[in-house]
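**Q** whatever this is, show me its structure:
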Amino acid sequence: MSFKTKSGFYCSHCGKWVPISESMGTHHRNHCPFCLWSKHVDLKKEGDRKSTCQGKMEPIGLTFKKQKPDKYGKEKKGELMIIHYCQNCGKISINRIAADDNPLLLKMVFEKSLILPKDLKTKLENQNIIPAKKIDREEIENQLYGKK
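**A** Okay, the predicted model is just below:
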């Protein structure tokens with residue numbers, strides 16, 4: 001996000017105009033639906049926009065939002081989230097996908113989840129972020145395209 005207005009911003013990675021609208025499934029859009037890159041704008045919580053880093057954040061994988069088990073104790077998969085890694089300071093954040101995010105790119109980012117370097121996996125685990133695994137492929141397809 002380099003140039004931003006109330007209605008959108010230009011992506012600092014691919015340069016495309018990204019409209020901001022609650023109809024896209026998010027109140028605090030901070031990533032581009034065309035390339036899925038983000039910008040390090042939040043400091044402590046989603047939407048605070050207080051970070052001075054402003055580094056580009058690469059989409060490095062997918063994960064699922066933490067969910068409480070159902071009433072029978074069965075674990076449920078939460079909504080799909082993008083894991084972003086700041087190229088400037090190394091901060092990791094997770095962000096909700098939006099309705100207009102490119103599903104083919106999301107699948108490519110999922111593939112990145114499967115081959116992350118060990119040091120990055122350790123950093124994620126230390127933050128209690130579990131990247132999607134091969135076993136999650138069907139759930140990811142269901143969330144992106146609906147139940148088969």
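**Q** report the longest strand in the protein, please.
**A** The longest strand of the chain (DSSP state E) is strand 56-64.
**Q** partner strands of the helix or strand harbouring residue 18, parallel or antiparallel?
**A** Per DSSP states H and E: residue 18 is located in strand 17-19. Applying DSSP bridges, strand 17-19 is found paired with strand 8-10 (antiparallel).
**Q** buried ones in the strand holding residue 18?
**A** residue 18 (16 or more other C-beta atoms under 10 Å). (Each C-beta comes from the backbone N, C-alpha and C, glycine too.)
**Q** now it, how far from the chain's geometric center?
**A** Relative to the centre of its chain, strand 17-19 is centred 17 Å away, using C-alpha atoms, centre = their mean, to the nearest Å.
**Q** next helix or strand past that strand?
**A** Toward the C-terminal end, the helix or strand that comes next after strand 17-19 (DSSP H and E) is strand 38-39.
**Q** contacts for that next one, please.
**A** 1-2, 12, 30-32, 54-57, 59, 82, 84, 93, 95 (C-beta atoms under 8 Å, 6 or more residues apart in numbering).
**Q** quick one: average pLDDT of that strand?
**A** For strand 38-39, mean pLDDT rounds to 89.
**Q** ok, now stretch 63-72?
**A** Per-residue pLDDT over stretch 63-72 has a mean of 81.
**Q** what about the helices in the chain?
**A** Assigned helices in the chain, in chain order: 103-114, 118-126, 137-145 (criterion: DSSP state H).
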